[in-house]
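Student: Provided below are the primary sequence and the corresponding predicted coordinates.
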Amino acid sequence: MTSYLVKRLLSVLPTLLLVSMLIFGLQQLLPGDPAKILAGEEQDPNVVAYLTAKLHLDEPLPVRYGYWIAGVVQGDLGESVRTQLPVLSLILQKLPVTAELAFLAMCVAIVIGIPAGIASAVGRGTVWDYAANVFALWGLSTPNFWLGILMIMLFSVHLGWLPASGFVSPKEDLLGNLASMAMPAFVLGNAIAAVLMRHTRSAMLQVMQSDYVRTARAKGLDERTVILKHALRNALTPIITLGALEFGTLLSGAVLTEQVFTIPGFGKLILDAVFNRDYAVVQGVVLFTATTYIMLNLMADMAYFWVNPRLRK
Amino acid sequence: MSQSLSYTAWLRLQRRPSALIGLAVVIAFILMAIFAPYISPQDPIATSWGAIRKAPSAAHWFGTDEIGRDVLSRVIWGTQASLMAGVISVSISLLIGVPIGLLAGFVGGAVDAIISRITDAFLACPFLILAIALAAFLGPSLTNAMVAIGISAAPIFVRLTRGQVIQIKVEDYVEAARSVGNPPWRIALVHILPNILPPLLVQATLAIAAAVIAEASLSFLGLGQQPPAPSWGSMLNTAKNYIEQAPWMAIWPGISIFLLVLSFNLFGDGLRDALDPRQR
C-alpha cells in the first residue's frame, strides 16, 4: 500500500510540471508584445522597457519559464499590474470565501445526491427512480447562473426571505453569513447533486446484485442494514472517486455563482483580472485552481484506501 | 459504423421516446436558427425608446429589454450563436482530440506516455476556468469563445479515442489487416477509426450540450458573443440587473438554454443506450 501511495504522490509531479508549462504558455496567445499590452493605451516607452526587463520578455521562452517557475516554487506567482499586490496574497485573501461556498455546495450535493441515488437504485422502476432521474436531468441541463437568477426572483424579490446578493463574513454574523450563502450553495450544489445521484444509483445497482448483499439478506438482516451497512459502504468507493472529479465543476461553477450573487471570491478575482488585462492574476488563479484540483483528486485516491479495507492489504 | 449497426441503433433509438423527443426539439432549434430571418417578428438589435422593459403583450410576446428590443426576436436569433458554439467547438475538439488519441493509442510506448501526460495536464485545469483563461488571452468574442471551449474539451476526446483504440487494435480483424500487409496509417484510418465512431458520436452529442452551457456561461461573463449581437448568455447577464423590474428578460433565454441542453442530453443518453454493445 505504501509503495502505491508513494508512486501516486510522485505521479502528481510531472502533471503539475506540465500544468505549469500549459499555464505559462497561455501568455504566448497574447497577440503582439505583452509589454505593450500591459503598458496600456499610452504605451509609454519607459513603461514598456521597464515591463520588458521585469518580465524578462527579451529572453528566450524557456529562460522566461525558468524564471517564472522558480518564483512559483517559492510562492511568488507574480504581481498584479492593477493593485501592485502579490498574486498569492490576492488569492489567499479571496480563498476563504470561495472555500466556504465550495464546502457548503458540496454538503448540499451530498445531502441531496447520495440519498436520491440510493432511493432510485433501491426503488428501481418505481416513481422514486423516475423522480430521481428527472431531477438528475434537470440538474445537468440547468445553467447555474440561470437557476441563481430564478432563485433570486423567488426567495429575494417575491418572498423576501434571503438577501439577493452580497457576502457577510461569518466572523461578523454567522446567521447572516449562512443566509447570504444559502442560495449560492444550493445553486452550485444542484448540478453536482445530479452527478452524484447518477454515480450513486449505478454503483448501488451494481453492488446490490453482488453475492455478499445476497448473503446479508439470506442471513435475515433487515433491509436498512443491508443497504446502509453492506451495499452503500462498498458503493462509496466509485462515488468518492467520481465525486472528486466534480471539484472541477465546483470551482468552475463558483465563478458563475459568485458573479450572480456578487460574492467577493475567486470568481470575482479572475473576472476582474480578465477585464483589467491583469494576466499574472489570471495565470496565478488558474495555476492555483489546477493544483488544488490535482491535490483533491490525490486525496480522493487516499480516501479509497480508507473506505475499502481490501485495498489496504 | 456499418449500415446494419446504424439501422439497429436507429431501431433501438425509436424505442426510446425521450431520445426521440430530444432529437425533435434539437431539430426544431436547428430550423429556428436557419429560418431566424424569416420567423423573427422584429429586428433583434433594433432599439425602441418607447418600448423599454415592456411586459409580454400581443405586440411583444416575450416582452422587451432595457433598451426596447424585442426579447422573442433576440431569443430566436440567439439560437444561432448557441448552436454554432455547440457544433463548432465540439468539431474543434474532435479535430484535435481524435487524431491525437488515435496516434497515442495506436503507436503506444513513449508517444502514448507523452500524450497521456499532456492530456492529464489539460484535464487537471477545470474546464470553464481554462476556457475563461483562454478566452481572456485570445480576447472576448464568439469565435474565440468557441476556440477556447473546443481546446478545453479536446482532452476528453483524446482520452476516449485512445482508450477505444487500445481495445480495438488487438481485435482479430485488425491483426488480419496487419498480416495482409496494410500500412499502419491505413489500419488506423480504415479499420480502427470506423469502429470507434459510436462512442465518439455519443460523447460528441453530450459534449454539444456542455458546449452550449459553456458558451452561454462565457457570454454571461462577457467573454463570448459581444453586444449588440444576441446571445442567450449575454441576455441573461443583462437581465440579472432588472430582476425586479423586468423578470421576463431572464425567463425566456434561460428556458431556451435549458431546453436545448436537455434535448441534447436526452438524445445523447438515448444514443448511448442504442449504441452500447452491452445492450445488443
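Tutor: That came in fine, so what should we check first? Numbers count the residues shown, from 1 in each chain, chains lettered A, B, ... in the order given.

Student: Give the burial count for residue B:273, as a bare number.
Tutor: 17 (other C-beta atoms under 10 Å in any protein chain shown). Placement of C-beta: from N, CA and C, glycine included.

Student: okay but it is in contact with residue B:16, surely?
Tutor: Yes - using C-beta atoms under 8 Å, residue B:273 is in contact with residue B:16, at 6.5 Å.

Student: is it fair to say residue B:74 lies in a helix?
Tutor: Yes - the assignment for residue B:74, made by DSSP: H, G, I helix; E, B strand; the rest coil, places it in a helix.

Student: and residue 205, what is it in contact with?
Tutor: No chain in the question, so chain A it is. A:121, A:124 (C-beta atoms under 8 Å, 6 or more residues apart in numbering or on different chains).

Student: wrong one, chain B
Tutor: Going by C-beta under 8 Å, 6+ apart, residue B:205 touches B:264, B:267, B:268, B:271.

Student: helix or strand for it, which one?
Tutor: helix B:197-220 (DSSP states H and E).

Student: Please save the CA atoms from that helix in CSV.
Tutor: C-alpha atoms of helix B:197-220 as CSV (Å, rounded to 0.1, in the frame of the first residue of the first chain):
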residue,chain,number,x,y,z
LEU,B,197,-17.2,6.1,-34.1
PRO,B,198,-20.2,5.0,-31.9
PRO,B,199,-18.8,6.1,-28.5
LEU,B,200,-17.3,9.2,-30.1
LEU,B,201,-20.7,10.1,-31.6
VAL,B,202,-22.4,9.7,-28.1
GLN,B,203,-19.7,11.7,-26.4
ALA,B,204,-19.9,14.4,-29.1
THR,B,205,-23.7,14.7,-28.6
LEU,B,206,-23.3,15.1,-24.9
ALA,B,207,-20.3,17.5,-25.4
ILE,B,208,-22.5,19.8,-27.6
ALA,B,209,-24.8,20.1,-24.5
ALA,B,210,-21.8,21.0,-22.4
ALA,B,211,-20.5,23.4,-25.0
VAL,B,212,-23.9,25.2,-25.3
ILE,B,213,-23.8,25.8,-21.5
ALA,B,214,-20.1,26.8,-21.7
GLU,B,215,-20.8,29.4,-24.5
ALA,B,216,-23.8,30.7,-22.5
SER,B,217,-21.6,30.9,-19.4
LEU,B,218,-18.8,32.8,-21.3
SER,B,219,-21.3,35.2,-22.8
PHE,B,220,-22.9,35.6,-19.4
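
Student: Beyond that helix, next helix or strand please.
Tutor: Next along from helix B:197-220, by DSSP H and E: helix B:232-239.

Student: where does residue B:50 land in three-state SS?
Tutor: Under the three-state scheme (three-state DSSP), residue B:50 adopts coil.

Student: now the one 3 residues further on
Tutor: Classification of residue B:53 into helix, strand or coil gives coil, according to three-state DSSP.

Student: next one: the one 5 residues further on
Tutor: With three-state DSSP as the basis, residue B:58 sits in coil.

Student: same check, this time on residue B:140
Tutor: Going by three-state DSSP: residue B:140 is coil.

Student: ok, the residue nearest to it when sequence neighbours are not counted to residue B:142 distance?
Tutor: Among residues not flanking residue B:140 along the chain, residue B:223 sits closest, at 4.6 Å (C-beta to C-beta, 6 or more residues apart in numbering or on different chains). Noted for residue B:223: a distance of 10 Å to residue B:142, by C-beta to C-beta, to the nearest Å.

Student: now swap in residue B:115 and tell me
Tutor: In terms of C-beta to C-beta, residue B:115 sits 30 Å off from residue B:142.

Student: cool, residue B:268 as well?
Tutor: Counting by C-beta to C-beta, the gap from residue B:268 to residue B:142 is 24 Å.

Student: Ok, residue A:150 next?
Tutor: On the measure of C-beta to C-beta, residue A:150 and residue B:142 end up 25 Å apart.

Student: More neighbours: those two, which one.
Tutor: Between residue A:150 and residue B:142, counted using other C-beta under 10 Å, the more crowded position is residue B:142 (22 against 16).

Student: burial of residue B:146, as a residue count?
Tutor: Using other C-beta under 10 Å, residue B:146 is surrounded by 27 other residues.

Student: likewise residue A:62?
Tutor: For residue A:62, the number of neighbouring residues by other C-beta under 10 Å comes to 8.

Student: per-residue pLDDT, residue B:119?
Tutor: pLDDT recorded at residue B:119 is 91.

Student: mind listing what residue 48 touches?
Tutor: The chain I'm using is chain A. A:33, A:35, A:36, A:39.

Student: I was after chain B.
Tutor: Neighbouring residues of residue B:48 by C-beta under 8 Å, 6+ apart: B:64, B:67, B:68, B:69.

Student: 7 Å instead?
Tutor: residue B:68 (C-beta atoms under 7 Å, 6 or more residues apart in numbering or on different chains).

Student: do residue A:252 as well
Tutor: Shown in contact with residue A:252 (C-beta under 7 Å, 6+ apart): B:126, B:127, B:128, B:129.

Student: what helix or strand does it sit in?
Tutor: Per DSSP H and E: residue A:252 is located in helix A:247-261.
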